[in-house]
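Q: Next comes the sequence, and after it the predicted model I'd like to discuss.
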Amino acid sequence: MKKAQGFTLIELIIVIIILGILAVTAAPKFIDIQGDARGATLSGVKAAILGANTMVYAKSALKGVEKSDATANKNVSINGTSVDVVFGYPEGAIAHVQNVLDINTTDWSFVQGTAAAASADLPQGTTVVGISPAGVTANYDEATNGCYITYAQAANANSSPVVTVVTGAC
């Protein structure tokens with residue numbers, strides 16, 4: 001008679017335990033659904049900002065204030081709300097960015113500041129608004145890591161606002 005060959009119950013249990021340990025440690029590194037969702041949401045908000053900038057610039061051009069810096073009476077009406085403009089684009093202040101975007105402020109955090117150091121796109125001292133998902137710290141001076149958007153108002157009549165998305169820590 002031929003002896004039956006196969007795996008013992010102990011061998012099967014050990015293999016299943018090893019596979020379970022590998023799955024628990026490796027799966028989170030390959031599946032980062034929450035971080036991917038935050039990054040995609042930030043990209044969507046950036047697109048909304050760029051679209052809103054185009055609308056505000058068009059309204060500024062119709063009013064004749066698209067080439068002026070921020071002074072009195074340099075504003076346009078967006079959805080019944082007055083938005084101050086700088087060179088035809090929304091001023092880099094939290095209130096104006098919120099009014100143009102019309103997003104839920106309980107889901108998003110806003111931080112006001114100025115660019116600490118000059119970069120290729122941003123002169124030092126430029127007014128900046130940091131926008132991040134609620135519960136995530138927005139640090140607009142940190143260029144290598146974070147989960148936020150920066151909106152820097154137009155620096156002159158020949159430039160548009162600089163919108164940057166940072167998703168390193170989403």
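A: Structure's in. What do you need?

Q: C-alpha only now, for contacts and for neighbours.
A: Will do.

Q: the helices in the chain, which residues?
A: Along the chain, counting by DSSP state H, helices occupy 9-30, 33-63, 94-101.

Q: And the second one, what's buried?
A: Neighbour counts using 16 or more other Cα atoms under 10 Å place 38-39, 42-43, 45-46, 48-50, 52-53, 55-60 of helix 33-63 among the buried residues.

Q: Quick one: low-confidence residue ranges for this protein.
A: Where the chain drops to pLDDT under 70, the residues are 1-2, 69-73, 114-126, 137-145.

Q: Grab the nearest non-local neighbour of the residue nearest the centre of it.
A: Residue closest to the mean C-alpha point of the chain, counted by Cα atoms, centre = their mean, is I149 at 3.2 Å. Spatial nearest neighbour of I149, excluding adjacent residues (Cα to Cα, 6 or more residues apart in numbering): V165 at 4.5 Å.

Q: How many residues are close by that neighbour?
A: V165 sits with 20 neighbouring residues when counted by other Cα atoms under 10 Å.

Q: which residues sit in contact with it?
A: V165 makes contacts with L42, S43, K46, C147, Y148, I149, T150, as judged by Cα atoms under 8 Å, 6 or more residues apart in numbering.

Q: Show me which of those residues is closest to K74.
A: Of all the contacts of V165, the one sitting nearest K74 is T150; the distance, using Cα to Cα, is 22.9 Å.

Q: That closest one: neighbour count?
A: Count around T150 with other Cα under 10 Å applied: 25.

Q: Nice, that's everything, thank you.
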